[in-house]
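Trainee: Okay, here's the prediction I keep looking at, along with the sequence it came from:
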Amino acid sequence: MKPQYCEQLDAISNSHRSQCKGKPGVNAATIDPATFRQVLGSYPTGVCVISALDEQNNPAGMVVGTFTSVSLDPPMVGFLPDKSSTSWPKIEKAGRFCVNVLGSDQQQVCRQVAGKGPDKFEGVEYAISDNDLPIVANSIACIECTIHSVTDAGDHWFVLGNVLCLETTRDDDPMLFYRGRYGGFDETL
Ligand SMILES: Cc1cc2nc3c(=O)[nH]c(=O)nc-3n(C[C@H](O)[C@H](O)[C@H](O)COP(=O)(O)O)c2cc1C
């Protein structure tokens with residue numbers, strides 16, 4: 001007799017096989033956007049504000065969930081702006097950016113900077129760093145970078161940054177985003 005975990009694995013792989021039946025390999029034409037969003041939404045992310053100064057020295061910024069650590073030697077990080085973003089071209093022109101990792105108590109900052117309003121930093125407290133980058137007050141970590149490369153990635157760009165300097169600024173909960181909802185980190189395991 002098969003142990004129970006084997007039967008569970010069989011059930012999972014049978015259901016997965018039927019989902020993927022007739023769809024060998026990666027076949028973009030057969031993956032509908034709603035399924036893609038729903039399945040990829042089961043991977044939780046942190047939430048960051050990517051900030052820079054525009055040509056008029058006003059802060060520009062966008063919220064991303066795609067920020068990731070990339071390389072330790074040399075120190076590099078990355079994120080993926082949508083090609084339709086109106087803020088990314090301003091950040092790209094600056095040639096540098098700051099990654100502000102948001103805490104779970106910074107929902108107002110998140111909502112304001114993720115919006116499409118004319119002044120994304122209205123009501124958002126920030127200071128300008130020695131590298132001429134806006135640092136969002138109360139972020140739990142800041143990573144200042146210069147842009148190393150911008151690579152085509154479908155309907156997004158993949159931006160790699162060389163880290164200039166970085167620090168954690170407070171020891172509180174990060175903001176997490178999962179299946180369209182926000183939360184904090186709860187160490188329950
Ligand atoms: C939790 C969260 C994560 C997001 N992640 C990304 C992302 O990784 N890349 C992206 O281009 N936009 C992302 N967005 C959308 C942008 O923050 C924002 O809506 C968009 O930049 C606003 O338009 P603008 O770039 O034209 O100012 C995210 C929004 C939220 C709320």
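Mentor: Cool, the structure landed. Numbering: from 1, shown residues only.
Trainee: quick one: contacts for the closest residue to residue 163 other than its chain neighbours?
Mentor: Distances taken as C-beta to C-beta, 6 or more residues apart in numbering place residue 75 nearest to residue 163, at 3.9 Å, with adjacent residues excluded. C-beta here means a position set from N, CA and C on the backbone, and glycine is covered the same way. By C-beta atoms under 8 Å, 6 or more residues apart in numbering, residue 75 lies in contact with 162-163, 166.
Trainee: now residue 88
Mentor: Residue 88 touches 62, 81-82, 157, counting by C-beta under 8 Å, 6+ apart.
Trainee: out of those, which are buried?
Mentor: The neighbour count (16 or more other C-beta atoms under 10 Å) marks 62, 81, 157 as buried among the contacts of residue 88.
Trainee: Tell me where the protein has helices.
Mentor: All helices of the chain, identified by DSSP state H, fall at 4-20, 33-40, 88-94, 107-114.
Trainee: The closest residue to residue 70 other than its chain neighbours pairs with what?
Mentor: Leaving aside its chain neighbours, residue 70 sits nearest to residue 76 (4.3 Å; criterion: C-beta to C-beta, 6+ apart). Beta-bridge pairing of residue 76 under DSSP bridges involves residue 71, residue 162.
Trainee: contacts with the ligand among the buried ones among the contacts of residue 88, please.
Mentor: Counting by C-beta under 6 Å from any ligand atom, 62, 81 from the buried ones among the contacts of residue 88 sit close to the ligand.
Trainee: So which residues on this structure come close to the ligand?
Mentor: 47, 62-66, 80-82, 85-87, 114, 116, 177.
Trainee: wait, residue 77 sits on residue 99?
Mentor: Yes - counting by C-beta atoms under 8 Å, residue 99 is a contact partner of residue 77 at 6.4 Å.
Trainee: what residues are shared contacts of the two?
Mentor: 67, 143, 145, 161.
Trainee: partner residues bridging the third one?
Mentor: Each beta-bridge partner of residue 145 is listed here: residue 97, residue 163, as defined by DSSP bridges.
Trainee: how about low-confidence regions in this structure?
Mentor: For the chain, applying pLDDT under 70 flags the ranges 1-9, 12, 16-17, 19-29.
Trainee: switch the cut-off to 50
Mentor: Residues of the chain that meet the criterion pLDDT under 50 are absent altogether.
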